[in-house]
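[1] Dropping a prediction and its sequence here:
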Amino acid sequence: MKTESSNPAYAGMTSEQIRRFKYWEFRTIAMCIFGYALFYFVRKNLSIAMPYLNEEMGISKSDLGLFLTLHGVIYGLSKFVNGIWGDRSDARRFLVTGLVFCAICNLLFGFSSSVLALGIFWVLNGWFQGMGVPPCTRLMTHWIVPQRLATKMSVWNTSHSIGAGLAIVFCGYAVGLNWDAWFDASSLLSQHWRWCFLLPATVALLGAAIVWALVRDTPSSVGLPELKTGKTTGQQPQTRAEENAEYKAFLRRKVFLNPTIWIIAVGNFFVYVVRFAVLDWGPTMLKEHLHMDISLAGWSVAAFEIAGIAGMLAAGWATDRLFGGRAPRTCVVCMSMAALCLAGFYALDRETPLAVAVAILMAAGFFIYGPQALVGIAAANIATKRAAATAGGFCGLFGYGSTVVSGWGLGLLVQRTGWNAALSALIGAAVIGTAIFALAWRARPNGYDD
């Protein structure tokens, strides 16, 4: 019977080295989950604060949507640029530095009052948020064999939902506390929305110290051999100039001129339109469209995230076990089902029982988070561990470019026409995404054999 230890990626390792490798693989995945969940703690807190920024600060929905759009566009650019840097940088240092600066931006946001200052600090937060995924991608492609990357990286991807869900619930309760009884009415700290940023920032700083203590960059940094993947070439570049030229040619071939990478990147745009529309606007939509209490709305969006965890794990398993590592096939199935769920949500009104609304929202989360996880996994496998962060950043550029639609665009649409038109647009986005992923149905599962 074939065992995991017989995988050719472990060739040349002793049984003791394989045992240590497994320990460090588990520890790395666990710390990547913990570390990246903290990025969401200081990012998705804005969705709970938005109704209060609208009421207490007088910031319009279109302006709040512009906050989301600028943050998302800058994040996408940052993820791309930091992806290129991240492939050739120490992942531990990269990850912790980004998290610390995100926490600082949240603290500055929480103590600011002008719309300009709030916008600047949230955009800066978007840039530093882009330092989260690249080091995690680098870490996992160095510690996980390609044949199990979809399954195990989908486990890491649950950090998105864990972090966002906890942040929404945590901030939902934090914003509802009676801060007026603790602080004078003239104090900035008496305004409830500020605690959506001050408390998560404190948690993130404490978590950054834990990540620094427990994460290591690559197997060689702890005295273990690197995984053996793909074919090796007989002659390696001898000079730095030759090495850089060869690496740029590799990036062009594996990432920038790769048709499959382009297909999944464009598909990712539509995945993120749907995902961010629910995640960013969900509490506001449920409060205004279905007249839910804000704490219940927070729990409902958290349920969307919790179902997303199951969806990610199921999608990773199905990709490896049913589709032979071909992630775009799983994405086609998931996006088509997400479109059906959104159509069901469109039919709801304020008389709908809470359980029904939450069940449909959870079903949508289950299906939309499959592609959300698999795009990065597919990009990493196709571009190989040598360019995994660059490929992920390239796909992320399209994903977070979607905030032009899901942020400012959706805010403007709701302000002018209402929530029904917004939901119709999201159904259309899911259908288009399904068609785009179908173009990569016959794509190879990975690029290691090229």
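    Received it, and whenever you're ready, just let me know what you need.

[2] Every contact and neighbour count from this point should use C-alpha atoms.
    Will do.

[3] Report the separation between Thr28 and Met153.
    In this structure, Thr28 and Met153 are 11 Å apart, going by Cα to Cα, to the nearest Å.

[4] Likewise for Ile74?
    Counting by Cα to Cα, the separation of Ile74 from Met153 is 25 Å.

[5] Of these two, which one has the most company?
    For Ile74 versus Met153, neighbours defined as other Cα atoms under 10 Å are more numerous around Met153 (26 against 23).

[6] show me the contacts for the more buried one.
    Contact partners of Met153, counting by Cα atoms under 8 Å, 6 or more residues apart in numbering, are Met140, Gly316, Ala373, Ile377.

[7] For Ala209, state which of those residues is nearest.
    Lowest distance from Ala209 to those (Cα to Cα) belongs to Met140, with 20.3 Å.

[8] Give me the nearest residue to Gly35, chain neighbours excluded.
    Val211 (6.2 Å; Cα to Cα, 6 or more residues apart in numbering).

[9] host element of that neighbour?
    Secondary structure from DSSP states H and E places Val211 in helix 195-214.

[10] Can you spell out which helices and strands pack onto that helix?
    Where contact means 3 or more Cα pairs under 8 Å, 6 or more residues apart in numbering; DSSP states H and E, helix 195-214 is packed against helix 15-41, helix 46-56, helix 91-110, helix 149-176.

[11] out of the ones you listed, nearest to Ile84?
    Taking Cα to Cα, helix 91-110 is the member of those nearest to Ile84, at 12.3 Å.

[12] Give me the residues contacting the helix or strand following the closest one.
    Later in the chain than helix 91-110, the nearest helix or strand by DSSP H and E is helix 115-129. For helix 115-129, contacts defined as Cα under 8 Å, 6+ apart pick out 39, 43, 59, 67, 70-72, 74-75, 77-79, 98-99, 101-102, 105-106, 108-109, 112.

[13] rerun at 6 Å
    By Cα atoms under 6 Å, 6 or more residues apart in numbering, the residues outside helix 115-129 that reach it are His71, Ile74, Tyr75, Ser78, Gly98, Cys102, Cys105, Phe109.

[14] Ok, stretch 53-72 next?
    Contact partners of stretch 53-72, identified using Cα under 6 Å, 6+ apart, comprise Val123, Gly126, Tyr400, Thr403, Val404, Gly407, Trp408, Gly411, Leu412.

[15] for the record, mean pLDDT for it?
    Stretch 53-72 shows a mean pLDDT of 78.

[16] Then stretch 178-185?
    66.

[17] same check, this time on stretch 316-327
    On average, stretch 316-327 scores 86.

[18] what's the answer for stretch 250-266, then?
    Average pLDDT, stretch 250-266: 88.

[19] Can you name the element that comes right after the helix or strand harbouring Arg416?
    Assigned by DSSP H and E, Arg416 belongs to helix 410-417. With elements assigned by DSSP H and E, the helix or strand that comes after helix 410-417 is helix 419-438.

[20] what's the angle between that next one and helix 410-417?
    Relative orientation of helix 419-438 versus helix 410-417 (axes from the mean of the first three to the mean of the last three Cα atoms, to 10 degrees): 140 degrees.

[21] Give me the buried positions along helix 419-438.
    Using 16 or more other Cα atoms under 10 Å as the burial criterion, the residues of helix 419-438 that qualify are 419-420, 422-423, 425-427, 429-434, 436-438.

[22] What of stretch 336-349?
    Within stretch 336-349, the residues that count as buried by 16+ other Cα under 10 Å are Ser336, Met337, Ala338, Ala339, Leu340, Cys341, Leu342, Ala343, Phe345, Tyr346, Leu348.

[23] Please compute how far the helix holding Arg416 lies from its chain's middle.
    Relative to its chain's centre, helix 410-417 lies at 25 Å (Cα atoms, centre = their mean, to the nearest Å).

[24] contacts for stretch 271-285?
    For stretch 271-285, using Cα under 6 Å, 6+ apart, the contacting residues are Ser47, Ala297, Gly298, Gly399, Ser402, Ser406, Leu426.

[25] Run through the residues that contact the fourth one.
    Pointing back at Gly399 there. Asn268, Phe269, Tyr272.

[26] Disregarding residues adjacent in the polypeptide, which is nearest to it?
    Using Cα to Cα, 6+ apart and skipping residues adjacent in sequence, the residue nearest Gly399 is Phe269, 4.2 Å away.

[27] try the last one
    For Leu426, the nearest residue in space outside its immediate sequence neighbours is Val274; the separation is 5.8 Å by Cα to Cα, 6+ apart.

[28] Pull stretch 413-420 out as PDB, backbone CA atoms only.
    C-alpha atoms of stretch 413-420 as PDB (Å, rounded to 0.1, in the frame of the first residue of the first chain):
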ATOM      1  CA  LEU A 413     -26.400  51.000  -7.200                       C
ATOM      2  CA  VAL A 414     -28.100  50.500  -3.800                       C
ATOM      3  CA  GLN A 415     -28.200  54.200  -3.100                       C
ATOM      4  CA  ARG A 416     -30.000  54.900  -6.400                       C
ATOM      5  CA  THR A 417     -32.100  51.700  -7.100                       C
ATOM      6  CA  GLY A 418     -32.200  49.500  -3.900                       C
ATOM      7  CA  TRP A 419     -31.100  46.100  -2.900                       C
ATOM      8  CA  ASN A 420     -33.000  44.000  -5.500                       C
END
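
[29] Can you list the buried residues in it?
    Of the residues in stretch 413-420, Leu413, Val414, Gly418, Trp419, Asn420 count as buried by neighbour count, 16+ other Cα under 10 Å.

[30] For the third one, give me the pLDDT.
    In this case it means Gly418. At Gly418 the predicted local distance difference test score is 76.

[31] what's the spacing between Ile18 and Tyr10?
    Distance, Ile18 to Tyr10, using Cα to Cα: 7 Å.

[32] where does the protein have low pLDDT?
    Along the chain, the parts satisfying pLDDT under 70 run over 1-6, 179-181, 183-187, 190, 229-239, 242, 294-295, 447-450.

[33] Show the contacting residues for the residue nearest the centre of it.
    Among the residues of the chain, the one closest to the centroid is His160, at 5.2 Å (Cα atoms, centre = their mean). Residues in contact with His160, defined by Cα under 6 Å, 6+ apart, are Ala37.

[34] separation between it and Gly393?
    Separation of His160 from Gly393 (Cα to Cα): 16 Å.

[35] quick one, phi/psi of Asn258?
    Main-chain dihedrals, Asn258, degrees, to the nearest 10: phi -90, psi 110.

[36] State the distance from it to Cys395.
    Following Cα to Cα, the distance that separates Asn258 from Cys395 is 12 Å.

[37] Who has more neighbours out of those two?
    Between Asn258 and Cys395, counted using other Cα under 10 Å, Cys395 has the larger neighbour count: 28 against 14.

[38] so which strand or helix has the more buried one?
    helix 388-401.

[39] got the CA coordinates for that helix in CSV?
    This file holds the C-alpha atoms of helix 388-401, laid out as CSV (Å, rounded to 0.1, in the frame of the first residue of the first chain):
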residue,chain,number,x,y,z
ALA,A,388,3.6,30.6,-6.5
ALA,A,389,3.4,34.0,-4.7
THR,A,390,3.7,35.9,-8.0
ALA,A,391,1.0,33.9,-9.6
GLY,A,392,-1.3,34.3,-6.6
GLY,A,393,-0.6,38.0,-6.5
PHE,A,394,-1.5,38.2,-10.2
CYS,A,395,-4.8,36.5,-9.7
GLY,A,396,-5.4,38.6,-6.6
LEU,A,397,-4.9,41.8,-8.7
PHE,A,398,-8.0,40.8,-10.6
GLY,A,399,-9.9,39.6,-7.5
TYR,A,400,-9.4,42.8,-5.6
GLY,A,401,-9.9,44.9,-8.7
